[in-house]
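**Student:** need a structure here:
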Amino acid sequence: MFPHQLDDPNAFAIAQAIVEGFDRHYRLFSAAARGAKARFEKADWQGQLDAQRDRIAFYDLRVDEAVERLHAQFKASELPRETWHQVKLHTIGLLTNHRQPELAETFFNSVTTKILDRRDFRNDFIFVRPAVSTDYIENDEPAAMPTYRAYYPTRETLHETCMRVITNFQLEVEFQDLARDVDDVVQALLHSLGDARLRANFQVQVLSSLFYRNKGAYVVGKIVNGFGELPFALPILHGDDGLLAIDAALIGEEDLLLLFSFARAYFMVDMGVPSATVHFLRTLMPRKTRAELYSQVGLQKHGKALFYRDLLTHLRHSSDKFRIAPGIKGMVMLVFDLPSFPVVFKIIKDFYPAPKDTTREQVMAKYLLVKQHDRVGRMADTLEFSNVALPRHRFDDELIAELKRFCPSLLEDDGQTLVIRHAYIERRMIPLNIYLQDASPRQIEQAVVEYGNAIKDLVAANIFPGDMLWKNFGVTRHGKVVFYDYDEIEYLTDCNFRRVPAPRNEEEEMSGEVWYTVRPRDVFPETFEPFLLGNPVVRQAFMAHHADLLDAGYWQRQKDRIVAGYVHDVFPYDPSRRFSAQRAAHPDSEATARQPLPV
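**Tutor:** You can find the predicted model right below:
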């Protein structure tokens, strides 16, 4: 039995130390987000990418600091169980008026699970479910921004209101022509509203912080019209002249789902009350889980904790079994899924057949590279887990046999629970090779075009995918092609792109072996053809749209641009949606021509 009274003199001090460790983490996290505004204004794109990468490591560094402090000050590993129970109760008290209690609870779990034995990961010692509500939290500091601002225009004053929305962000760089851009935005919004009568409570609600990612800053909000709501996002970019412009109007949930895709880097957002920001975002994208949205605003550790809670809840309310994932089995990763849950579990095998030449540490380094890199909408985000405990009876026999054959060092099986010591979890997609098998000629062409676009977007982000076979790419429900096999990726700038030398004699020409020297990281793009283009329909589409991918010169030119410091534009929307493209298409029109936008 645990004591009902708080009588351990160390318990409160330990709780306070953990909360202080979290508060330090969130101060640094928030400072990085606030710094994104200055980096955007200065067009410091490399600085923005560096900050996005470095922020990934903030959390683990602060957790390690807190663990070290608890060991040094309190001999944490020697404390009795009763003390940890009291530490949790004191922590709940300290978080009652906290502005980020859900994040602090997750931080508490991260610290204590590094100290406690896995058998103690239970309700008494960690936050298996939230203990402090995040409803109606307010940031009441005198200079604090509200989570969002509400504006009350009429149809006639919508232009003036949108001007005020933009200027309220107080960007220190001038716009090329803000009135022109706002006119484009207003027309796009009114087009989407159609002939709907404006209700008495017609509002424009806009989150108070811009959302920064790569070379863009995004205004995120919604129009409220009676019982209807229309989400929107406005990307602000630097023009070639250094001045700003609103680049497009992204309107409706589908547009925002692509903007907040799991295959894109996390945003930098200045949030005093992150739960309120996530709540607002869910009104724009109700199909996104809270776990996904916390991750998208840079709080991926809490997103990971919420995901695991969602998984455990789903397991309690389902009965299907984990199985080997459909598709061609990988040589490095064993992949399995639960048919009723939209993710796959990937485990690094203990050994790999030839010609694979890698190690577990090298594979993990590749996955970390992707986590820290700009994923440009083309590389799936991964959640990395240690000691994943799952009910043993939910695994089918074939999967158990595969796990015990290929990954015995990562398993702990007591007959009731199967513990996987290390796993990556990704969104499930249709493998591209399977998609192509059942696709119509039109679908094949669209998929091949998307496949080539995906590779070119990766190239723009300084990523060479390595193994470019169709099986290593997936198709999302939006029809986007996304790369998900990372064990052979390299930085483009580390690769040597070469043409296959001409044979010097008949013996070399007829040889079935490579007769020329191949150094590490040498890439011969023309050799991709036999592996990728056996299907005549696929070949025709590929050669019509992406034949340049078989040319070493194409790859070398992209490498040279990146080495020279150029940061490519990769838009989370079709380039035809750009206002500048629409103006160019209709130069004589007084109003910008637009395509119908989804509501």
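**Student:** next, count neighbours for residue 57.
**Tutor:** 12 (other CB atoms under 10 Å). The way it works is simple: take the backbone N, C-alpha and C, and place the C-beta from them, glycine included.
**Student:** what of the one 5 residues further on?
**Tutor:** Taking other CB under 10 Å as the neighbour definition, residue 62 ends up with a count of 22.
**Student:** figure out the helix or strand that residue 105 lives in.
**Tutor:** Using DSSP states H and E, residue 105 sits within helix 101-115.
**Student:** measure residue 465 to residue 53 for me?
**Tutor:** 19 Å (CB to CB, to the nearest Å).
**Student:** wait, I meant residue 415
**Tutor:** Counting by CB to CB, the gap from residue 415 to residue 53 is 43 Å.
**Student:** same check, this time on residue 537
**Tutor:** For residue 537, the distance to residue 53 - CB to CB - is 40 Å.
**Student:** which SS state does the residue nearest to residue 392 when sequence neighbours are not counted fall under?
**Tutor:** Computed as CB to CB, 6 or more residues apart in numbering, the closest residue to residue 392 that is not its neighbour in sequence is residue 418, at 4.7 Å. Secondary structure, DSSP: H, G, I helix; E, B strand; the rest coil: residue 418 is strand.
**Student:** beta-bridge partners for residue 418, please?
**Tutor:** In this entry, residue 418 is beta-bridged to residue 390, residue 413, by DSSP bridges.
**Student:** now do it against residue 73, distance only.
**Tutor:** In terms of CB to CB, residue 418 sits 37 Å off from residue 73.
**Student:** with neighbour numbers in mind, choose between those two.
**Tutor:** residue 418 (21 against 12).
**Student:** give me the pLDDT for that one.
**Tutor:** Residue 418 is assigned 95 on the pLDDT scale.
**Student:** is it true that it touches residue 399?
**Tutor:** No: Residue 418 sits out of contact with residue 399 when judged by CB atoms under 8 Å, with a separation of 9.9 Å.
**Student:** how's this structure carved up into domains?
**Tutor:** 9-120, 148-306, 318-428, 432-568 (automatic domain parsing).
**Student:** how far away from the center of its chain is the first one?
**Tutor:** Meaning domain 9-120. Its chain's C-alpha centre and that of domain 9-120 lie 22 Å apart, by CA atoms, centre = their mean, to the nearest Å.
**Student:** run through this protein and note the low-pLDDT ranges.
**Tutor:** 1-4, 118-123, 142, 508-510, 512, 588-599 (pLDDT under 70).
**Student:** residue closest to the middle of it?
**Tutor:** residue 262 (4.1 Å; CA atoms, centre = their mean).
**Student:** check contacts around it.
**Tutor:** Counting by CB atoms under 8 Å, 6 or more residues apart in numbering, residue 262 touches 292, 295, 380-381, 427.
**Student:** repeat for residue 153
**Tutor:** 160-161, 202, 204.
**Student:** most neighbours, which of these?
**Tutor:** That'd be residue 204 among those, by other CB under 10 Å, with 22 neighbours.
**Student:** report the secondary structure state of that residue.
**Tutor:** strand.
**Student:** not counting sequence-adjacent ones, nearest residue to it?
**Tutor:** residue 151 (4.4 Å).
**Student:** backbone dihedrals for that neighbour, both of them.
**Tutor:** phi -120, psi 150 (degrees, to the nearest 10).
**Student:** so it sits against residue 165, correct?
**Tutor:** Yes: between residue 151 and residue 165 there is a contact at 6.6 Å, judged by CB under 8 Å.
**Student:** mutual contacts of the two, please.
**Tutor:** 204, 206.
**Student:** report the buried residues of the host helix or strand of residue 39.
**Tutor:** Per DSSP H and E: residue 39 is located in helix 9-41. In terms of neighbour count (16 or more other CB atoms under 10 Å), helix 9-41 has its buried residues at 10-12, 14-15, 17-19, 21-22, 25-26, 29-30, 32-33, 35-37, 39-40.
**Student:** which helices and strands does that helix pack with?
**Tutor:** Helices and strands touching helix 9-41, by 3 or more CB pairs under 8 Å, 6 or more residues apart in numbering; DSSP states H and E, are helix 45-74, helix 81-94, helix 101-115, strand 211-213.
**Student:** contacts for the last one, please.
**Tutor:** It stands for strand 211-213. Contacts of strand 211-213 (CB under 8 Å, 6+ apart): 33, 36-37, 39-40, 48, 52, 217-218, 220, 233, 264-269, 297.
**Student:** what pairs with the helix or strand just after it, parallel or antiparallel?
**Tutor:** Downstream of strand 211-213, the first helix or strand assigned by DSSP H and E is strand 216-225. Strand 216-225 has these partner strands in its sheet, going by DSSP bridges: strand 203-207 (antiparallel), strand 211-213 (antiparallel), strand 228-238 (antiparallel).
**Student:** tell me which of those sits most buried.
**Tutor:** Comparing the strands paired with strand 216-225 by mean neighbour count (mean count of other CB atoms under 10 Å), strand 211-213 ranks first with a mean of 24.
**Student:** run the chain-centre distance for that one.
**Tutor:** 13 Å.
**Student:** ditto for stretch 535-546
**Tutor:** With CA atoms, centre = their mean, you get 31 Å for stretch 535-546.
**Student:** so for it, what gets flagged as buried?
**Tutor:** In stretch 535-546, counting by 16+ other CB under 10 Å, buried: 538, 541-542, 545-546.
**Student:** need the residues that contact that stretch.
**Tutor:** So stretch 535-546 is contacted by 436, 441, 444-445, 448-449, 451-452, 455-456, 532-533, 549 (CB under 8 Å, 6+ apart).
**Student:** list the buried residues in the helix holding residue 105.
**Tutor:** For helix 101-115, by 16+ other CB under 10 Å, it's 101-113, 115.
**Student:** returning to that earlier point: just name the closest of the buried residues of stretch 535-546 to residue 67, please.
**Tutor:** Lowest distance from residue 67 to the buried residues of stretch 535-546 (CB to CB) belongs to residue 546, with 49.3 Å.
**Student:** helix, strand, or coil at that closest one?
**Tutor:** Residue 546 ends up helix, using three-state DSSP.
**Student:** how far away is it from residue 474?
**Tutor:** Counting by CB to CB - residue 546 and residue 474 are separated by 18 Å.
**Student:** for residue 140, the count of nearby residues, please.
**Tutor:** 9.
**Student:** residue contacts, it?
**Tutor:** Per CB under 8 Å, 6+ apart, neighbours of residue 140: none.
**Student:** and it, how far from residue 99?
**Tutor:** 9 Å.
**Student:** for residue 382, give its distance to residue 414.
**Tutor:** Taken as CB to CB, the span from residue 382 to residue 414 is 27 Å.
**Student:** neighbour count winner among those two?
**Tutor:** Ranked by neighbour count (other CB under 10 Å), residue 382 and residue 414 place residue 382 first, with 19 against 8.
**Student:** the more buried one - nearest residue in space that isn't next to it in sequence?
**Tutor:** residue 424 (4.6 Å).
**Student:** now the strands for the stretch 451-599 of the chain?
**Tutor:** Secondary structure of the stretch 451-599 of the chain, counting by DSSP state E, counting those that start in this stretch: strands at 463-464, 473-475, 481-483, 490-491, 496-497, 522-523.
**Student:** any chance of CSV for the ones you listed, columns mean neighbour count and distance to residue 360?
**Tutor:** Below are these laid out as CSV (neighbours: other CB atoms under 10 Å; distance: least, CB to CB, whole Å):
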stretch, mean neighbour count, distance to residue 360
strand 463-464, 23, 22
strand 473-475, 25, 24
strand 481-483, 25, 21
strand 490-491, 16, 18
strand 496-497, 18, 27
strand 522-523, 15, 25
